[in-house]
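Participant: missing the sequence, but the structure's below:
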């Protein structure tokens, strides 16, 4: 008589794994029967077992896959398929392999705050370095400003209202946000209307370039139908170096990079070309990293150990043509009600670098005749 077969089912399923390089990955689960043919897949393809690397075992009703000496290439989604005459069953789990930290961050905010507090601009023509934030709606431009002001004012700051998940820009007026904590900090951020998905509406390229050159006065209302006119009372005809922007900050959501294409890419490249002609530094703040990577969500200090975040940075670099060392993954306050030092340190790490670059630009411009079209 043959062995009575029952349809295979899982008593326990595969669990997600996060391992360090060199460790052994062990995936296991229990079934309701010992009679089945097991097959393993990685990322939807049959797992090609390598001697000394992979070991597949079945002990009674338990299926086991061991992967020795975990490396970056072992990361992926693993699936176990069970099959017998009565039916099939499958379950999957994600394996994440931490990279060796490939960019270091000082995870102590006090020294960075003190360095920024004592920062001296290299020209007496400029009292504060100015950064223009630009990107799609919902990328986190306003949240970046809120986070920075929260860091220096030591409390949650929400006066720069964010658009959350809306497809329409919450920012319609041109606003400057300076930073103070009992003492004035020498930098300020300008929030600008976002680019909207529908028909690539929102802020116009001409208005962004005018803002870079210092032609746009505060409280100007943006329109998606027409740019700021030279006849407008909000148009500054002869801007000084102090009126100009000193660094362009592209704010890009890490979890929505795949949606950034077409007209928006052409728009952002046109702005980049204008900034390049001015010799202005350009950087990317890669936001929403906690939504793009489970490792970063579990612990923000894993951001430079994450293959997924590194891949997002490479993708962003290729998409926008911005060097990798000018791309900074950051976290913003959006769920928290208290202060979080890890969020602060990641933002401060980016801020200390772009402050130096903006200052270099100011020094360069102040040493030569600045002509703004």
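Facilitator: Looks like it arrived, so ask away. Note that this is a predicted model, so its numbers are computed, not measured.

Participant: Buried residues of the biggest strand by length in the chain, list them for me.
Facilitator: Identified as the longest strand of the chain according to DSSP state E is strand 87-97. The neighbour-count check on strand 87-97 (16 or more other Cβ atoms under 10 Å) flags 89, 91, 93, 95-97 as buried. Every residue, glycine included, has its C-beta placed from N, CA and C.

Participant: Next, format the residues you listed as TSV and append distance to residue 46 and pLDDT.
Facilitator: Shown next, in TSV, are the buried residues of strand 87-97 (distance: Cβ to Cβ, whole Å; pLDDT from 0 to 100):
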residue	distance to residue 46	pLDDT
89	17	97
91	16	97
93	17	97
95	16	95
96	22	91
97	21	92
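
Participant: Closest one to residue 344 out of these, please.
Facilitator: Nearest to residue 344, judged by Cβ to Cβ, of those is residue 96 at 25.3 Å.

Participant: so where does the residue nearest to the closest one when sequence neighbours are not counted fall, helix or strand?
Facilitator: Excluding the flanking residues, the one nearest residue 96 by Cβ to Cβ, 6 or more residues apart in numbering is residue 18, at 4.6 Å. Here residue 18 sits within strand 17-19, counting by DSSP states H and E.

Participant: what mean pLDDT does that strand have?
Facilitator: Averaging pLDDT along strand 17-19 yields 93.

Participant: So what are the sheet partners of that strand and their directions?
Facilitator: Partner strands and pairing direction for strand 17-19 (DSSP bridges) are strand 87-97 (parallel).

Participant: where along the protein do the helices fall?
Facilitator: Under the criterion DSSP state H, the chain carries helices at the ranges 109-117, 141-153, 205-212, 263-278, 289-292, 294-298, 307-320, 341-366.

Participant: Make JSON lines from those and add mean neighbour count and distance to residue 30 to it.
Facilitator: Listed next are these as JSON lines, based on neighbours: other Cβ atoms under 10 Å; distance: least, Cβ to Cβ, whole Å:
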{"stretch": "helix 109-117", "mean neighbour count": "15", "distance to residue 30": "46"}
{"stretch": "helix 141-153", "mean neighbour count": "24", "distance to residue 30": "44"}
{"stretch": "helix 205-212", "mean neighbour count": "22", "distance to residue 30": "58"}
{"stretch": "helix 263-278", "mean neighbour count": "16", "distance to residue 30": "49"}
{"stretch": "helix 289-292", "mean neighbour count": "21", "distance to residue 30": "33"}
{"stretch": "helix 294-298", "mean neighbour count": "17", "distance to residue 30": "25"}
{"stretch": "helix 307-320", "mean neighbour count": "18", "distance to residue 30": "30"}
{"stretch": "helix 341-366", "mean neighbour count": "20", "distance to residue 30": "37"}
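
Participant: so which of those comes closest to residue 80?
Facilitator: Nearest of the helices of the chain (Cβ to Cβ): helix 294-298, 20.7 Å.

Participant: what sits up against that closest one?
Facilitator: 18, 94, 96, 98, 289-291, 302-303, 305-306, 308-309, 329, 331 (Cβ atoms under 8 Å, 6 or more residues apart in numbering).

Participant: quick one: low-confidence ranges for the stretch 201-350 of the chain?
Facilitator: 201-202 (pLDDT under 70).

Participant: most centrally placed residue in this protein?
Facilitator: With distances taken as Cα atoms, centre = their mean, the residue of the chain nearest its centroid is residue 286 (2.4 Å).

Participant: so residue 257 makes contact with residue 319?
Facilitator: Yes. Between residue 257 and residue 319 there is a contact under Cβ atoms under 8 Å: 6.9 Å.

Participant: coming back round to it: just so I know, which of the helices of the chain lies nearest residue 128?
Facilitator: That would be, of the helices of the chain and by Cβ to Cβ, helix 341-366, which comes in at 10.0 Å.

Participant: got the angle between that closest one and helix 263-278?
Facilitator: Relative orientation of helix 341-366 and helix 263-278, computed by axes from the mean of the first three to the mean of the last three Cα atoms, to 10 degrees: 50 degrees.

Participant: With adjacent residues omitted, what lies nearest to residue 104?
Facilitator: Once flanking residues are discounted, residue 104 sits nearest to residue 304: 7.3 Å by Cβ to Cβ, 6+ apart.

Participant: how near is that neighbour to residue 99?
Facilitator: Remark: distance between residue 304 and residue 99 (Cβ to Cβ, to the nearest Å) = 8 Å.

Participant: Also residue 336?
Facilitator: Counting by Cβ to Cβ - residue 336 and residue 99 are separated by 26 Å.

Participant: Tell me which of the two has more neighbours.
Facilitator: Comparing residue 336 with residue 99 by other Cβ atoms under 10 Å, the one with more neighbours is residue 99, at 20 against 13.
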